[in-house]
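Participant: need coordinates for the below:
(one chain, ligands or ions: 1)
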Amino acid sequence: MVNYPGFDFEVIHRTTADSNWPNAARVSKLKTPHGIVETPAFIFCATRGVIRGVTPAQMLKEKTQIILGNTYHLMLQPGAETIDRLGGLHKMMGWDGPMFTDSGGFQIFSFGGGTASSEIKGNRNNKRPKMLLNIEESGATFRSYIDGNIHKFTPEDSIRVQRNIGADIILVLDECSPYEVGKDYTANSMQLTHRWAKRSIKEFFKSAEGSSGPQALYGIVQGGVYEDLRLESAEFTVSQPYFGYAVGGCLGSDSFELQDVISMSMRTLNKNKLVPHPIHLLGIGGIADIWDGVAKGIDTFDCVNPTRLARHGAAYLRPIFAKNNQSRDHVNLKNSCFKDDDGPLDPECKCYTCLTFSRSYLHHLIKAGEITVIQYLAIHNVAFMNRLMEKIRSAISEDNYFVARKEWFAT
Ligand SMILES: [Zn+2]
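Facilitator: Down below sits the predicted model:
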């Protein structure tokens, strides 16, 4: 295994065997130069170099371990060189803990515009102009969403930009092929991703002058929803000198397909129990998906949902504390059923928002259009995800994972 100075990944405990369930859940310590992440963990998205609505001090107070910056957004604004000149993203944004950056590929390859996630998940219902202009062997050409300027982006560029941003964990550039392209396209795209991965690795070790430097590199398993392709991509990925692995690309159109895709990838990714590697699931943050992904051996997750939901007036709640007709993993405080509810937002949460404000007050702020409520809800959503992951870690350690999962979703 390649030596990544300052990094380590140690599995502390694995779930005991249960023939009815995948039993790959594990509690681990992911060591980075900016601190240790206890996994399974949730990674919060600081897309443009800020967690929307929450300060770094508040993130820490609510027990956040690690955050993620988006290479695509940051290289366009303020630009990689600017970030480097200002001392890196850690320094700029006042976050001294572990940090992750994606490769920029996910945003660039949002075919036809719209949101990348809807494309990847098979939703073609978007009408914004095309951002991606061309994909060729050397790289991708895309139009900036900020000023319309045309940029060429190569695997080497992605590594260089991520070096400038300075996150602890960085990713190789992959082509994210959308749901509807079919198997032939997905297979070709996967092969291109593998060739790009080799170039990324070369650039990574070159730019680190023979060692990994202060960063660790993750590879990405592609292959869409096709079992043979996922297997081939996972085999390729484990053969490369990565510190960790990510499961990416098209993850299916629903939770069932998602879990199938994870299973296909994980059979190979966590086969090597003697030298375990951290495994990240890209862009998934549904509560049930997290419980099920952890059961299959996923260590970290990232998703914009905690802060995005807050901007829409929504807060995470366990089903038992939600009101009627709020069957999803969150409730919308704008709903009139909260108008006279003077109880705490989440009775079992100890975050600043839940200890200070009532549901009726938060409802009032949303109705009044007061922007500070976005911060209050974001603080709760961050605390909720961190508490969920803490619960998951202790359930694994206590060998009662599947009982704990059932209790979490009790109504
Ligand atoms: Zn709370």
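
Participant: sec struct for His90, please.
Facilitator: The local conformation at His90, judged by DSSP: H, G, I helix; E, B strand; the rest coil, is helix.

Participant: now Asp346
Facilitator: Assignment for Asp346 (three-state DSSP): coil.

Participant: now Glu407
Facilitator: helix.

Participant: tell me the pLDDT of it.
Facilitator: Note on Glu407: pLDDT of 95.

Participant: and for Gly112?
Facilitator: In this prediction Gly112 is given a pLDDT of 46.

Participant: same deal with Arg328?
Facilitator: The per-residue pLDDT reported for Arg328 equals 79.

Participant: burial measure for it, as a count.
Facilitator: 15 (other C-beta atoms under 10 Å). For every residue, glycine as well, the C-beta is placed using N, CA and C.

Participant: from here on, count from 321
Facilitator: Shifting the count to begin at 321 puts that one at Arg648.

Participant: any idea how far it is from the ion?
Facilitator: Distance, Arg648 to the ion, using C-beta to the ion, to the nearest Å: 17 Å.

Participant: in a helix, that residue, correct?
Facilitator: No. Assignment of Arg648 by three-state DSSP gives coil, placing it outside any helix.

Participant: list the contacts of it.
Facilitator: Under the criterion of C-beta atoms under 8 Å, 6 or more residues apart in numbering, Arg648 has no neighbours.

Participant: and for the one 5 residues further on?
Facilitator: Contacts of Leu653 were listed using C-beta under 8 Å, 6+ apart, and they are 633-635, 665, 679, 682-683, 686, 693, 697.

Participant: again with Arg372
Facilitator: 627, 630-631, 694, 698.

Participant: buried ones among those?
Facilitator: 627, 630, 694, 698 (16 or more other C-beta atoms under 10 Å).

Participant: so which of those residues comes closest to the ion?
Facilitator: The closest of the buried ones among the contacts of Arg372 to the ion turns out to be Ala698 (C-beta to the ion; 10.5 Å).

Participant: which parts of the helix or strand where the closest one lies are buried?
Facilitator: Here Ala698 sits within helix 692-717, counting by DSSP states H and E. For helix 692-717, the neighbour count (16+ other C-beta under 10 Å) marks 693-709, 712-713, 715-716 as buried.

Participant: what's the neighbour count on whichever residue of the stretch 371-520 of the chain sits closest to the ion?
Facilitator: In the stretch 371-520 of the chain, the residue that lies nearest the ion is Glu382 (8.2 Å; C-beta to the ion). Glu382 sits with 24 neighbouring residues when counted by other C-beta under 10 Å.

Participant: contact partners for the nearest residue to it once chain neighbours are set aside?
Facilitator: In space, and not counting its chain neighbours, Glu382 is closest to Ala703: 4.0 Å by C-beta to C-beta, 6 or more residues apart in numbering. By C-beta under 8 Å, 6+ apart, the residues touching Ala703 are 382-383, 669-674.

Participant: can you check Val567 too?
Facilitator: Going by C-beta under 8 Å, 6+ apart, Val567 touches 540-541, 581-582, 585-586, 589, 599-602, 618.

Participant: residue ranges with poor pLDDT in this structure?
Facilitator: Scanning the chain for pLDDT under 70 picks out the ranges 321, 337-342, 430-449, 528-533, 644-647.

Participant: and it, what are its domains?
Facilitator: For the chain, the structural domains run 328-623, 632-726, going by automatic domain parsing.

Participant: so Thr692 sits against His684, correct?
Facilitator: No. In this structure Thr692 lies outside contact range of His684 using C-beta atoms under 8 Å: 11.9 Å.
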